[in-house]
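Participant: Next input, structure requested:
(one chain, ligands or ions: 3)
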Amino acid sequence: MSDIRVISPEELQKQQVFIRQIRQFYEQRCAESAPLAYVRTYGCQQNVADSERMKGLLAQMGFGFTETPEQADFILFNTCAVREHAQDRVFGNVGALKALKRRKPHLLIALCGCMVQQEHVAEKIYKSYPFVGLVFGTHVQHRLPELMAGVLLGKRRKVEIPSCDGVIAEGIPTVRDGGFKAFVSIMYGCNNFCTYCIVPYVRGRERSRDPEMILAEVRELAEQGYKEITLLGQNVNSYGKGEAHGVTFPELLRRVNDIPGDFVIRFMTSHPKDATKELFDTIARCEKVSRHFHLPFQSGSNRILKEMNRRYTREQYLDLIAYARRVVPGITFTSDVIVGFPGEQREDFEQTLSLIREVGFASLFTFIFSPREGTPAAKMEDPIPAETKSAWFSEMTALQEEISSERLSAVVGTTQRALLEAQAGGFLEARLADNSIVRVQGDPARIGEFVQVRITGARSYILTGEIEK
Ligand code: SAM
Ligand code: SF4
Ligand code: F3S
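Facilitator: Ligands and ions are numbered 1, 2, ... in the order given. Reported below is the predicted structural model:
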(Lines give C-alpha, C1' and ligand atoms only; values in the text may rest on other atoms or scores of the structure.)
(Ligands and ions follow the chains in the order given, each with its own letter.)
Protein backbone atom coordinates (compact mmCIF):
# COMPACT_ATOMS: atom_id res chain seq x y z
CA MET A 1 0.00 0.00 0.00
CA SER A 2 1.30 3.38 -0.96
CA ASP A 3 1.03 6.35 1.39
CA ILE A 4 1.21 9.18 -1.12
CA ARG A 5 -0.47 12.24 0.38
CA VAL A 6 -2.15 15.14 -1.35
CA ILE A 7 -1.65 18.19 0.86
CA SER A 8 -5.01 19.88 1.34
CA PRO A 9 -5.42 23.65 0.86
CA GLU A 10 -6.31 23.90 4.60
CA GLU A 11 -3.05 22.22 5.54
CA LEU A 12 -1.06 24.58 3.30
CA GLN A 13 -2.99 27.52 4.72
CA LYS A 14 -1.55 26.66 8.15
CA GLN A 15 1.88 27.73 6.87
CA GLN A 16 0.56 31.32 6.76
CA VAL A 17 0.80 31.52 10.56
CA PHE A 18 4.52 30.67 10.39
CA ILE A 19 5.03 33.01 7.45
CA ARG A 20 3.72 35.88 9.60
CA GLN A 21 5.88 34.82 12.56
CA ILE A 22 9.01 34.88 10.42
CA ARG A 23 8.15 38.26 8.92
CA GLN A 24 7.78 39.66 12.46
CA PHE A 25 10.98 37.97 13.61
CA TYR A 26 13.04 39.73 10.93
CA GLU A 27 11.16 43.04 11.27
CA GLN A 28 12.09 43.11 14.96
CA ARG A 29 15.73 42.38 14.10
CA CYS A 30 15.93 45.13 11.47
CA ALA A 31 12.92 47.22 10.43
CA GLU A 32 14.74 49.09 7.61
CA SER A 33 15.74 46.33 5.22
CA ALA A 34 14.32 42.97 4.14
CA PRO A 35 16.25 39.84 5.15
CA LEU A 36 18.17 38.18 2.31
CA ALA A 37 18.19 34.53 1.25
CA TYR A 38 20.88 32.73 -0.74
CA VAL A 39 19.50 29.57 -2.40
CA ARG A 40 21.94 27.23 -4.13
CA THR A 41 20.60 24.33 -6.17
CA TYR A 42 22.53 21.18 -7.06
CA GLY A 43 21.37 18.37 -9.33
CA CYS A 44 18.64 18.15 -11.91
CA GLN A 45 15.77 20.33 -13.13
CA GLN A 46 13.38 18.84 -10.57
CA ASN A 47 15.57 20.35 -7.90
CA VAL A 48 15.57 23.69 -9.73
CA ALA A 49 11.76 23.56 -9.80
CA ASP A 50 11.64 22.68 -6.08
CA SER A 51 13.95 25.59 -5.28
CA GLU A 52 11.70 27.93 -7.25
CA ARG A 53 8.77 26.91 -5.05
CA MET A 54 10.81 27.30 -1.86
CA LYS A 55 11.87 30.74 -3.09
CA GLY A 56 8.17 31.51 -3.54
CA LEU A 57 7.62 30.67 0.14
CA LEU A 58 10.68 32.71 1.15
CA ALA A 59 9.34 35.72 -0.77
CA GLN A 60 6.07 35.37 1.18
CA MET A 61 8.15 35.39 4.38
CA GLY A 62 9.52 38.78 3.30
CA PHE A 63 12.91 37.66 1.97
CA GLY A 64 14.78 39.27 -0.88
CA PHE A 65 17.41 37.22 -2.73
CA THR A 66 21.16 37.53 -3.05
CA GLU A 67 23.79 35.73 -5.10
CA THR A 68 26.39 36.36 -2.38
CA PRO A 69 26.35 34.03 0.66
CA GLU A 70 28.19 36.67 2.75
CA GLN A 71 25.17 39.00 2.46
CA ALA A 72 22.59 36.38 3.37
CA ASP A 73 20.54 35.97 6.56
CA PHE A 74 19.36 32.56 5.38
CA ILE A 75 21.35 30.07 3.28
CA LEU A 76 19.62 27.09 1.71
CA PHE A 77 21.46 24.32 -0.15
CA ASN A 78 19.07 22.11 -2.14
CA THR A 79 21.21 19.02 -2.63
CA CYS A 80 21.62 16.09 -5.04
CA ALA A 81 22.63 12.49 -4.33
CA VAL A 82 22.86 11.01 -7.81
CA ARG A 83 26.64 10.55 -7.80
CA GLU A 84 29.33 10.64 -5.10
CA HIS A 85 30.88 13.69 -6.73
CA ALA A 86 27.60 15.65 -6.36
CA GLN A 87 27.59 14.89 -2.63
CA ASP A 88 31.26 15.71 -2.14
CA ARG A 89 30.71 19.15 -3.64
CA VAL A 90 27.93 19.83 -1.14
CA PHE A 91 30.02 18.65 1.82
CA GLY A 92 32.90 20.89 0.68
CA ASN A 93 30.69 23.93 0.16
CA VAL A 94 28.85 23.48 3.46
CA GLY A 95 32.16 23.14 5.30
CA ALA A 96 33.20 26.50 3.86
CA LEU A 97 30.22 28.19 5.59
CA LYS A 98 31.57 27.50 9.07
CA ALA A 99 33.63 30.71 9.19
CA LEU A 100 30.69 32.74 7.89
CA LYS A 101 28.41 31.45 10.64
CA ARG A 102 31.07 32.37 13.21
CA ARG A 103 31.15 35.94 11.89
CA LYS A 104 27.34 36.16 11.61
CA PRO A 105 25.78 34.18 14.47
CA HIS A 106 22.21 35.06 13.44
CA LEU A 107 22.72 33.37 10.02
CA LEU A 108 20.48 30.31 9.53
CA ILE A 109 22.00 27.60 7.34
CA ALA A 110 19.69 24.88 6.00
CA LEU A 111 20.18 21.79 3.83
CA CYS A 112 17.41 20.01 1.99
CA GLY A 113 16.83 17.76 -1.02
CA CYS A 114 17.81 14.31 -2.19
CA MET A 115 21.16 14.00 -0.43
CA VAL A 116 19.83 14.68 3.05
CA GLN A 117 16.81 12.42 2.49
CA GLN A 118 19.33 9.59 3.06
CA GLU A 119 19.37 8.89 6.78
CA HIS A 120 23.11 8.22 7.03
CA VAL A 121 23.89 11.54 5.34
CA ALA A 122 21.47 13.52 7.51
CA GLU A 123 23.10 11.96 10.58
CA LYS A 124 26.59 12.86 9.36
CA ILE A 125 25.55 16.47 8.76
CA TYR A 126 23.90 16.79 12.15
CA LYS A 127 26.97 15.42 13.93
CA SER A 128 29.79 16.93 11.88
CA TYR A 129 28.35 20.32 10.92
CA PRO A 130 26.89 21.85 14.13
CA PHE A 131 26.58 25.25 12.43
CA VAL A 132 23.87 23.84 10.13
CA GLY A 133 20.59 24.75 11.86
CA LEU A 134 18.02 22.96 9.72
CA VAL A 135 18.04 19.75 7.69
CA PHE A 136 14.89 18.61 5.91
CA GLY A 137 13.94 16.00 3.33
CA THR A 138 12.21 16.05 -0.04
CA HIS A 139 8.69 15.36 1.30
CA VAL A 140 8.35 18.36 3.64
CA GLN A 141 9.47 21.26 1.45
CA HIS A 142 5.98 22.79 1.55
CA ARG A 143 6.48 23.15 5.32
CA LEU A 144 9.55 25.37 4.97
CA PRO A 145 7.97 28.29 6.92
CA GLU A 146 7.03 26.00 9.83
CA LEU A 147 10.47 24.39 9.90
CA MET A 148 12.27 27.74 9.81
CA ALA A 149 10.00 29.19 12.51
CA GLY A 150 10.80 26.17 14.69
CA VAL A 151 14.52 26.91 14.51
CA LEU A 152 14.41 30.72 14.60
CA LEU A 153 11.86 31.07 17.40
CA GLY A 154 12.55 27.82 19.23
CA LYS A 155 16.33 28.45 18.99
CA ARG A 156 16.96 24.72 18.45
CA ARG A 157 18.49 22.84 15.56
CA LYS A 158 16.03 20.69 13.64
CA VAL A 159 16.16 17.60 11.42
CA GLU A 160 12.91 16.69 9.65
CA ILE A 161 13.17 13.73 7.31
CA PRO A 162 9.97 11.72 7.42
CA SER A 163 10.12 8.64 5.25
CA CYS A 164 6.95 8.28 3.20
CA ASP A 165 5.97 7.56 -0.38
CA GLY A 166 5.67 11.25 -1.22
CA VAL A 167 3.33 14.22 -1.28
CA ILE A 168 1.69 16.47 -3.85
CA ALA A 169 1.29 20.07 -2.73
CA GLU A 170 -0.55 22.46 -5.06
CA GLY A 171 -0.80 26.22 -4.80
CA ILE A 172 2.72 27.03 -3.62
CA PRO A 173 3.86 30.37 -5.08
CA THR A 174 6.90 30.30 -7.36
CA VAL A 175 9.84 32.62 -7.93
CA ARG A 176 11.11 31.52 -11.34
CA ASP A 177 14.77 31.84 -12.21
CA GLY A 178 14.69 31.14 -15.93
CA GLY A 179 13.68 34.52 -17.42
CA PHE A 180 11.48 33.54 -20.37
CA LYS A 181 11.94 29.79 -19.75
CA ALA A 182 9.85 27.93 -17.21
CA PHE A 183 9.81 24.48 -15.63
CA VAL A 184 6.49 22.86 -14.84
CA SER A 185 6.60 19.69 -12.72
CA ILE A 186 3.98 17.27 -13.97
CA MET A 187 4.88 14.36 -11.73
CA TYR A 188 7.21 13.47 -8.89
CA GLY A 189 9.13 10.39 -7.77
CA CYS A 190 10.11 7.24 -9.64
CA ASN A 191 9.03 3.59 -9.52
CA ASN A 192 11.63 2.16 -11.86
CA PHE A 193 14.39 1.20 -9.45
CA CYS A 194 17.20 1.03 -11.98
CA THR A 195 19.75 -0.85 -9.92
CA TYR A 196 22.38 1.94 -9.93
CA CYS A 197 20.02 4.79 -9.05
CA ILE A 198 19.28 6.47 -5.73
CA VAL A 199 16.38 8.61 -7.01
CA PRO A 200 13.48 6.24 -6.16
CA TYR A 201 14.76 6.02 -2.57
CA VAL A 202 15.03 9.76 -2.04
CA ARG A 203 12.12 11.02 -4.13
CA GLY A 204 9.48 8.46 -3.26
CA ARG A 205 6.85 6.78 -5.45
CA GLU A 206 5.64 8.03 -8.79
CA ARG A 207 2.73 10.45 -8.50
CA SER A 208 1.18 12.70 -11.11
CA ARG A 209 -0.29 16.16 -10.71
CA ASP A 210 -3.87 16.78 -11.73
CA PRO A 211 -3.93 17.65 -15.45
CA GLU A 212 -6.17 20.70 -14.86
CA MET A 213 -3.60 22.15 -12.43
CA ILE A 214 -0.83 21.64 -14.98
CA LEU A 215 -2.85 23.19 -17.80
CA ALA A 216 -3.78 26.19 -15.65
CA GLU A 217 -0.10 26.74 -14.82
CA VAL A 218 0.96 26.53 -18.48
CA ARG A 219 -1.88 28.84 -19.55
CA GLU A 220 -0.70 31.43 -17.03
CA LEU A 221 2.91 31.11 -18.22
CA ALA A 222 1.87 31.47 -21.85
CA GLU A 223 -0.16 34.58 -21.00
CA GLN A 224 2.87 36.02 -19.21
CA GLY A 225 4.88 35.55 -22.42
CA TYR A 226 7.12 32.61 -21.46
CA LYS A 227 8.80 31.24 -24.60
CA GLU A 228 9.90 27.79 -23.48
CA ILE A 229 7.99 25.52 -21.14
CA THR A 230 9.62 22.29 -19.97
CA LEU A 231 7.39 19.61 -18.46
CA LEU A 232 9.32 17.80 -15.75
CA GLY A 233 9.33 14.36 -14.18
CA GLN A 234 11.79 11.49 -13.67
CA ASN A 235 9.78 9.45 -16.15
CA VAL A 236 7.27 11.71 -17.89
CA ASN A 237 6.07 8.90 -20.16
CA SER A 238 4.32 7.23 -17.25
CA TYR A 239 2.39 10.42 -16.43
CA GLY A 240 -1.15 9.62 -15.27
CA LYS A 241 -0.56 5.90 -14.64
CA GLY A 242 -2.90 4.64 -11.95
CA GLU A 243 -4.78 7.97 -11.75
CA ALA A 244 -8.56 8.15 -12.10
CA HIS A 245 -8.46 11.07 -14.59
CA GLY A 246 -7.10 8.78 -17.34
CA VAL A 247 -4.99 11.49 -19.00
CA THR A 248 -1.83 9.93 -20.44
CA PHE A 249 1.35 11.79 -21.35
CA PRO A 250 0.54 12.04 -25.09
CA GLU A 251 -2.92 13.38 -24.18
CA LEU A 252 -1.38 15.91 -21.80
CA LEU A 253 1.01 17.03 -24.55
CA ARG A 254 -1.90 17.52 -26.96
CA ARG A 255 -3.73 19.64 -24.40
CA VAL A 256 -0.65 21.75 -23.60
CA ASN A 257 -0.04 22.19 -27.33
CA ASP A 258 -3.60 23.55 -27.73
CA ILE A 259 -2.94 26.40 -25.29
CA PRO A 260 -2.71 29.63 -27.29
CA GLY A 261 0.68 31.40 -27.38
CA ASP A 262 4.04 31.38 -29.12
CA PHE A 263 6.10 28.99 -27.01
CA VAL A 264 8.11 25.79 -27.37
CA ILE A 265 7.22 22.73 -25.31
CA ARG A 266 10.05 20.53 -24.06
CA PHE A 267 9.88 17.66 -21.60
CA MET A 268 12.19 15.45 -19.64
CA THR A 269 13.04 12.76 -18.79
CA SER A 270 11.69 9.94 -20.94
CA HIS A 271 12.25 6.25 -20.30
CA PRO A 272 12.63 4.02 -23.39
CA LYS A 273 10.40 1.31 -21.91
CA ASP A 274 7.49 3.79 -21.66
CA ALA A 275 8.10 6.01 -24.70
CA THR A 276 5.44 4.74 -27.11
CA LYS A 277 4.87 5.07 -30.83
CA GLU A 278 1.74 7.05 -29.94
CA LEU A 279 4.02 9.58 -28.24
CA PHE A 280 6.03 10.12 -31.42
CA ASP A 281 2.82 10.32 -33.49
CA THR A 282 1.66 13.01 -31.07
CA ILE A 283 4.90 14.97 -31.39
CA ALA A 284 4.52 14.82 -35.17
CA ARG A 285 1.09 16.47 -34.87
CA CYS A 286 1.91 19.05 -32.17
CA GLU A 287 3.64 22.02 -33.75
CA LYS A 288 4.76 23.54 -30.43
CA VAL A 289 6.59 20.41 -29.24
CA SER A 290 10.35 20.61 -29.77
CA ARG A 291 11.84 18.22 -32.34
CA HIS A 292 14.46 17.26 -29.79
CA PHE A 293 14.08 14.20 -27.60
CA HIS A 294 16.17 13.28 -24.58
CA LEU A 295 16.05 9.48 -24.35
CA PRO A 296 18.60 7.98 -21.93
CA PHE A 297 19.86 4.56 -23.04
CA GLN A 298 22.47 4.01 -20.26
CA SER A 299 24.16 1.05 -22.02
CA GLY A 300 24.26 -0.55 -25.45
CA SER A 301 24.70 -4.06 -24.03
CA ASN A 302 21.60 -6.16 -23.40
CA ARG A 303 23.40 -8.02 -20.62
CA ILE A 304 24.17 -4.76 -18.78
CA LEU A 305 20.70 -3.31 -19.47
CA LYS A 306 19.28 -6.36 -17.74
CA GLU A 307 21.63 -5.95 -14.76
CA MET A 308 20.56 -2.30 -14.63
CA ASN A 309 16.87 -3.35 -14.56
CA ARG A 310 16.11 -1.01 -17.47
CA ARG A 311 13.49 -3.35 -19.00
CA TYR A 312 14.20 -2.74 -22.69
CA THR A 313 16.74 -4.14 -25.11
CA ARG A 314 19.18 -2.44 -27.42
CA GLU A 315 17.02 -3.58 -30.35
CA GLN A 316 13.85 -2.07 -28.85
CA TYR A 317 15.70 1.20 -28.26
CA LEU A 318 16.95 1.34 -31.83
CA ASP A 319 13.49 0.47 -33.19
CA LEU A 320 12.00 3.36 -31.26
CA ILE A 321 14.59 5.77 -32.68
CA ALA A 322 13.94 4.49 -36.22
CA TYR A 323 10.17 4.90 -35.78
CA ALA A 324 10.59 8.42 -34.38
CA ARG A 325 12.77 9.41 -37.34
CA ARG A 326 10.15 8.08 -39.74
CA VAL A 327 7.22 10.00 -38.26
CA VAL A 328 9.04 13.13 -37.04
CA PRO A 329 11.50 14.10 -39.79
CA GLY A 330 14.49 16.02 -38.46
CA ILE A 331 14.03 14.88 -34.85
CA THR A 332 17.31 14.86 -32.90
CA PHE A 333 18.25 12.81 -29.89
CA THR A 334 20.38 13.34 -26.82
CA SER A 335 20.95 10.71 -24.16
CA ASP A 336 22.52 9.68 -20.84
CA VAL A 337 25.02 6.83 -20.66
CA ILE A 338 26.92 5.16 -17.85
CA VAL A 339 30.31 3.48 -18.26
CA GLY A 340 31.86 1.10 -15.79
CA PHE A 341 28.67 -0.48 -14.42
CA PRO A 342 29.72 -3.40 -12.15
CA GLY A 343 30.88 -6.33 -14.25
CA GLU A 344 30.90 -4.42 -17.54
CA GLN A 345 33.35 -6.04 -19.95
CA ARG A 346 35.12 -4.61 -22.97
CA GLU A 347 32.58 -6.29 -25.27
CA ASP A 348 29.69 -4.66 -23.39
CA PHE A 349 31.39 -1.30 -23.69
CA GLU A 350 31.89 -1.84 -27.42
CA GLN A 351 28.15 -2.41 -27.73
CA THR A 352 27.68 1.01 -26.15
CA LEU A 353 30.09 2.57 -28.65
CA SER A 354 28.31 0.91 -31.55
CA LEU A 355 24.90 2.15 -30.34
CA ILE A 356 26.30 5.68 -30.09
CA ARG A 357 27.56 5.39 -33.69
CA GLU A 358 24.31 3.91 -34.94
CA VAL A 359 22.04 6.58 -33.44
CA GLY A 360 24.22 9.64 -34.00
CA PHE A 361 23.19 11.65 -30.95
CA ALA A 362 23.35 15.45 -31.04
CA SER A 363 25.10 15.26 -27.67
CA LEU A 364 25.51 12.91 -24.74
CA PHE A 365 25.61 13.21 -20.95
CA THR A 366 28.26 10.69 -19.97
CA PHE A 367 28.83 9.34 -16.47
CA ILE A 368 31.19 6.90 -14.79
CA PHE A 369 29.25 4.53 -12.53
CA SER A 370 29.17 5.78 -8.97
CA PRO A 371 28.06 3.29 -6.28
CA ARG A 372 25.18 4.67 -4.20
CA GLU A 373 24.65 3.23 -0.73
CA GLY A 374 21.38 1.29 -0.50
CA THR A 375 21.08 0.48 -4.22
CA PRO A 376 21.51 -3.10 -5.54
CA ALA A 377 24.40 -2.15 -7.87
CA ALA A 378 26.46 -0.86 -4.94
CA LYS A 379 26.64 -4.47 -3.69
CA MET A 380 27.56 -6.02 -7.06
CA GLU A 381 31.09 -7.20 -7.71
CA ASP A 382 33.02 -4.63 -9.64
CA PRO A 383 36.37 -6.02 -10.77
CA ILE A 384 37.10 -3.44 -13.50
CA PRO A 385 39.83 -1.03 -12.32
CA ALA A 386 39.06 2.68 -12.14
CA GLU A 387 41.79 3.44 -14.73
CA THR A 388 40.07 1.17 -17.27
CA LYS A 389 36.76 2.92 -16.65
CA SER A 390 38.41 6.32 -17.14
CA ALA A 391 40.02 5.16 -20.38
CA TRP A 392 36.66 3.88 -21.67
CA PHE A 393 35.04 7.13 -20.63
CA SER A 394 37.60 9.13 -22.67
CA GLU A 395 37.16 6.83 -25.65
CA MET A 396 33.41 7.33 -25.53
CA THR A 397 33.53 11.11 -25.19
CA ALA A 398 36.06 11.33 -28.07
CA LEU A 399 33.68 9.32 -30.27
CA GLN A 400 30.75 11.57 -29.36
CA GLU A 401 32.80 14.71 -30.05
CA GLU A 402 33.54 13.39 -33.51
CA ILE A 403 29.84 12.68 -34.10
CA SER A 404 28.70 16.04 -32.70
CA SER A 405 31.19 17.88 -34.87
CA GLU A 406 30.08 16.00 -38.02
CA ARG A 407 26.46 16.76 -37.18
CA LEU A 408 27.24 20.44 -36.68
CA SER A 409 29.01 20.68 -40.06
CA ALA A 410 25.95 19.15 -41.71
CA VAL A 411 23.66 22.00 -40.64
CA VAL A 412 25.89 24.77 -42.07
CA GLY A 413 23.94 26.56 -44.81
CA THR A 414 20.49 25.84 -43.30
CA THR A 415 18.15 28.46 -41.83
CA GLN A 416 16.44 27.54 -38.56
CA ARG A 417 14.21 29.01 -35.92
CA ALA A 418 16.05 29.75 -32.69
CA LEU A 419 15.39 31.36 -29.33
CA LEU A 420 17.80 34.14 -28.35
CA GLU A 421 18.83 33.09 -24.87
CA ALA A 422 21.82 34.91 -23.48
CA GLN A 423 24.76 37.19 -24.01
CA ALA A 424 28.21 35.57 -24.00
CA GLY A 425 31.31 37.62 -24.72
CA GLY A 426 30.53 39.84 -27.69
CA PHE A 427 27.85 37.43 -29.00
CA LEU A 428 24.30 36.40 -28.39
CA GLU A 429 23.58 32.71 -27.93
CA ALA A 430 20.54 31.27 -29.65
CA ARG A 431 19.18 27.76 -29.05
CA LEU A 432 18.03 25.72 -32.01
CA ALA A 433 15.15 23.25 -31.82
CA ASP A 434 17.62 20.36 -31.38
CA ASN A 435 19.08 22.07 -28.31
CA SER A 436 22.38 23.09 -29.94
CA ILE A 437 23.65 26.63 -29.51
CA VAL A 438 24.51 29.06 -32.29
CA ARG A 439 26.44 32.30 -31.79
CA VAL A 440 25.08 35.36 -33.55
CA GLN A 441 25.60 39.11 -33.52
CA GLY A 442 22.57 41.03 -32.33
CA ASP A 443 20.95 43.46 -29.96
CA PRO A 444 20.85 42.05 -26.37
CA ALA A 445 17.44 43.73 -26.03
CA ARG A 446 16.11 40.95 -28.28
CA ILE A 447 17.00 38.18 -25.78
CA GLY A 448 13.83 36.13 -25.28
CA GLU A 449 12.71 36.50 -28.92
CA PHE A 450 12.39 33.78 -31.55
CA VAL A 451 14.46 34.56 -34.67
CA GLN A 452 15.37 32.88 -37.96
CA VAL A 453 19.10 32.14 -38.01
CA ARG A 454 21.16 31.21 -41.07
CA ILE A 455 23.95 28.89 -39.95
CA THR A 456 27.20 30.06 -41.51
CA GLY A 457 29.90 28.03 -39.79
CA ALA A 458 30.83 25.25 -37.36
CA ARG A 459 34.11 25.45 -35.53
CA SER A 460 35.34 23.62 -32.40
CA TYR A 461 31.83 22.33 -31.66
CA ILE A 462 30.29 25.81 -31.83
CA LEU A 463 27.91 26.97 -34.53
CA THR A 464 28.00 30.52 -35.82
CA GLY A 465 25.23 32.22 -37.73
CA GLU A 466 23.42 35.38 -38.74
CA ILE A 467 19.98 36.55 -37.74
CA GLU A 468 17.79 36.80 -40.84
CA LYS A 469 14.79 38.34 -39.09
N1 SAM B 1 15.01 9.59 -14.74
C2 SAM B 1 15.98 9.86 -15.69
C3 SAM B 1 16.31 8.60 -16.48
O4 SAM B 1 15.78 7.56 -16.22
O5 SAM B 1 17.09 8.66 -17.38
C6 SAM B 1 17.20 10.57 -15.13
C7 SAM B 1 17.78 10.07 -13.89
S8 SAM B 1 19.25 10.71 -13.22
C9 SAM B 1 18.71 12.10 -12.40
C10 SAM B 1 20.21 11.33 -14.54
C11 SAM B 1 21.26 10.39 -15.01
O12 SAM B 1 22.23 10.16 -14.03
C13 SAM B 1 20.78 9.00 -15.37
O14 SAM B 1 20.15 8.95 -16.61
C15 SAM B 1 22.04 8.20 -15.32
O16 SAM B 1 22.70 8.21 -16.57
C17 SAM B 1 22.90 8.96 -14.31
N18 SAM B 1 23.06 8.19 -13.07
C19 SAM B 1 22.10 7.86 -12.19
N20 SAM B 1 22.65 7.14 -11.18
C21 SAM B 1 23.96 7.02 -11.45
C22 SAM B 1 25.05 6.37 -10.78
N23 SAM B 1 24.87 5.70 -9.65
N24 SAM B 1 26.29 6.47 -11.34
C25 SAM B 1 26.47 7.15 -12.49
N26 SAM B 1 25.49 7.76 -13.15
C27 SAM B 1 24.24 7.72 -12.64
FE1 SF4 C 1 16.75 6.63 -11.72
FE2 SF4 C 1 15.90 4.84 -13.44
FE3 SF4 C 1 14.14 6.32 -12.11
FE4 SF4 C 1 15.65 7.44 -13.97
S5 SF4 C 1 14.12 5.85 -14.29
S6 SF4 C 1 15.25 8.24 -11.92
S7 SF4 C 1 17.57 6.33 -13.78
S8 SF4 C 1 15.50 4.78 -11.23
FE1 F3S D 1 19.94 14.62 -8.00
FE2 F3S D 1 17.66 14.29 -6.81
FE3 F3S D 1 17.73 15.18 -9.26
S4 F3S D 1 19.37 12.90 -6.73
S5 F3S D 1 19.62 14.33 -10.11
S6 F3S D 1 18.52 16.23 -7.51
S7 F3S D 1 16.17 13.88 -8.38
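Participant: residue in the chain nearest to ligand 3?
Facilitator: Closest to ligand 3 within the chain is Gly43: 2.6 Å, counting by Cβ to the nearest ligand atom. (C-beta placed from N, C-alpha, C; glycine too.)
Participant: wait, that residue sits on Phe77?
Facilitator: No: look at Gly43 against Phe77 with Cβ atoms under 8 Å: they stay out of range, at 10.7 Å.
Participant: buried set for the helix or strand of the chain with the lowest mean pLDDT?
Facilitator: One helix or strand of the chain scores below all others by mean pLDDT, DSSP states H and E: strand 5-7, with a mean of 90. Neighbour-count burial for strand 5-7, counted by 16 or more other Cβ atoms under 10 Å, picks out Ile7.
Participant: and what of stretch 418-434?
Facilitator: For stretch 418-434, a neighbour-count test (16+ other Cβ under 10 Å) marks Ala418, Leu419, Leu420, Glu421, Phe427, Leu428, Glu429, Ala430, Arg431, Leu432, Ala433, Asp434 as buried.
Participant: same check, this time on stretch 43-53
Facilitator: So for stretch 43-53, counting by 16+ other Cβ under 10 Å, buried means Gly43, Cys44, Gln45, Gln46, Asn47, Val48, Ala49, Asp50, Ser51, Glu52, Arg53.
Participant: between these, which is nearest ligand 1?
Facilitator: The closest of the buried residues of stretch 43-53, once distances to ligand 1 are taken by Cβ to the nearest ligand atom, is Cys44, at 4.8 Å.
Participant: Not including adjacent chain positions, what is the nearest residue to that closest one?
Facilitator: Using Cβ to Cβ, 6 or more residues apart in numbering and skipping the chain neighbours, the partner closest in space to Cys44 is Cys80 (7.0 Å).
Participant: Over to that neighbour: give its phi and psi.
Facilitator: Here the main-chain torsion angles of Cys80 (degrees, to the nearest 10) amount to phi -130, psi 150.
Participant: cool, Gly457 as well?
Facilitator: Main-chain dihedrals, Gly457, degrees, to the nearest 10: phi -160, psi 160.
Participant: Please see if stretch 72-89 touches ligand 2.
Facilitator: No: between stretch 72-89 and ligand 2, judged by Cβ under 6 Å from any ligand atom, nothing touches; the nearest distance is 8.1 Å.
Participant: The helix or strand where Ile125 lies near ligand 3 at all?
Facilitator: Element membership for Ile125 (DSSP states H and E) is helix 119-128. No: residues of helix 119-128 are not located near ligand 3 by Cβ under 6 Å from any ligand atom, the shortest gap being 11.4 Å.
Participant: repeat for stretch 338-356
Facilitator: No: applying Cβ under 6 Å from any ligand atom, one finds stretch 338-356 separated from ligand 3 by no less than 13.4 Å.
Participant: Flag every buried residue along that stretch.
Facilitator: Residues of stretch 338-356 classed as buried: 338-342, 344, 348-349, 351-353, 355-356 (neighbour count, 16+ other Cβ under 10 Å).
Participant: Just the terminal-to-terminal distance for that stretch.
Facilitator: 12 Å (Cα to Cα, to the nearest Å).
Participant: Name the nearest residue to Arg29, ignoring sequence neighbours.
Facilitator: Spatial nearest neighbour of Arg29, chain neighbours left out: His106 (7.1 Å); criterion: Cβ to Cβ, 6+ apart.
Participant: wait, that neighbour sits on Ile75?
Facilitator: No: if you go by Cβ under 8 Å, His106 and Ile75 don't touch, sitting 11.9 Å apart.
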